[in-house]
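**Student:** Kindly return the folded structure for what I paste below:
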Amino acid sequence: MSKAAGKMQTISARWPVVLGMLMLAASRAPASAAEDMAPRIVDCRIGFDGTFKVGHWTPVWVNVSGDVAAAKVSIELTTIDSDGIEVTVSTAAGSDGPTLLTARIGRIGSAVQLKLVDEDGRLLDRAELSARRGQEGGARYIALPSTGELVVQIGPGALGLAEVLAEQEADDDTIASGFVQLTDVDALPTDWFGYEAVDVLVLTTSDVAFCERLAADTKRFDALRRWLELGGRLVVCGGRTAPKLLGAGMPLAEMVPGKFTELVRLPQTQALENYAGSGDAISQSGVQQNIPLPQLVEIQGRVELFGRSDDLPIVVRAARGLG
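**Tutor:** Residues are numbered from 1 along each chain as shown. Have a look, this model is predicted:
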């Protein structure tokens, strides 16, 4: 993990910046008691915790209230692509949770229109997401340019990435980098191309329940695996929970480039500090460490850092398909 933090710090220093705010604005007359069951757009969320890249496939979740099934409601999302051409995607509205659509928002500042229509095409409700600078209050969204870099951490726990990858303002008052941490499995895409905007995905394993739920969610786990095989970049951080998650037959065993045998103690941290390019020591000199480290054997990939001689790999880089 220190590899990711060290190299990402170098990346973040060259990132310029663009800040946009997208506000959900729905204009409608107050509903009467008789209209309480009429389908309505309640709210929506876009990208990864509100962060996305223009020109890339972006997940959009829309919450709809009312009797959706009886009205046979569809959600239509309309925006413009990178060529300025208006495009519309649609899907049937779900009644048991947010409905997921995937779209490409072509330009920073592009409006995103949402419509609810019945089976005859009649308009039931509408809302609009629009980029506005300087707005106060409401939902805040960050639109990155297509050349920006987006790092997403999935799983609880602080790794220091938020500080390393903090937004930096450029002369043109833009934001071209983003870091997002997601601790809810339901916030992940169900299709592999929903990760298209992500440059690096960091999976923490400190919370066993979170990882088990991710692995059990077949659709989301398959989407993550497929994205990785088609060129995605995934960093898996293993520690004290390795026996429950990385061992043979365990939920994340296929995600590590070797076979887990046991937990061992990292004998010294100097090599790790040097690899990360850090001037700060992890511990005081002479103090014995008790940092749990998964012992991997039958490594499939290139060991970039050993903890001692050549029998304790700390950082392993491996290919998975094109990723």
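**Student:** distance between the ends of stretch 62-72?
**Tutor:** One end of stretch 62-72 sits 16 Å from the other (C-alpha to C-alpha, to the nearest Å).
**Student:** Could I get the buried residue list for it?
**Tutor:** 62, 64, 66, 68, 71 (16 or more other C-beta atoms under 10 Å). The way it works is simple: take the backbone N, C-alpha and C, and place the C-beta from them, glycine included.
**Student:** mind listing what the fourth one touches?
**Tutor:** Contacts for residue 68 (C-beta atoms under 8 Å, 6 or more residues apart in numbering) come out as 39, 93, 94, 95.
**Student:** After the one helix or strand residue 70 maps to, which helix or strand is next? Please name it.
**Tutor:** Using DSSP states H and E, residue 70 sits in helix 68-71. Counting by DSSP H and E, the element after helix 68-71 in chain order, helix or strand, is strand 74-80.
**Student:** For that next one, output the C-alpha coordinates as CSV.
**Tutor:** Extracted C-alpha coordinates of strand 74-80, given in CSV (Å, rounded to 0.1, in the frame of the first residue of the first chain):
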residue,chain,number,x,y,z
SER,A,74,-39.3,4.4,-17.1
ILE,A,75,-36.5,6.8,-16.3
GLU,A,76,-34.9,8.7,-19.2
LEU,A,77,-31.6,10.5,-18.8
THR,A,78,-30.6,13.0,-21.4
THR,A,79,-27.3,14.8,-21.7
ILE,A,80,-24.8,15.8,-24.5
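**Student:** Begin at 43, not 1, for the rest of this chat.
**Tutor:** Got it, the first residue is 43 from now on, which makes the last one we talked about strand 116-122.
**Student:** what's in contact with it?
**Tutor:** With contact meaning C-beta under 8 Å, 6+ apart, strand 116-122 is reached by 102, 104, 106, 128-135, 141, 143, 145-149, 152-161.
**Student:** rerun at 6 Å
**Tutor:** 104, 128, 130-135, 141, 143, 145, 147-148, 152, 154-157, 159 (C-beta atoms under 6 Å, 6 or more residues apart in numbering).
**Student:** next one: stretch 90-105
**Tutor:** Contacts for stretch 90-105 (C-beta under 6 Å, 6+ apart): 84-89, 117, 124, 140-147, 149-150, 183-186, 188, 190, 194, 220, 222, 231, 235-236, 238-239.
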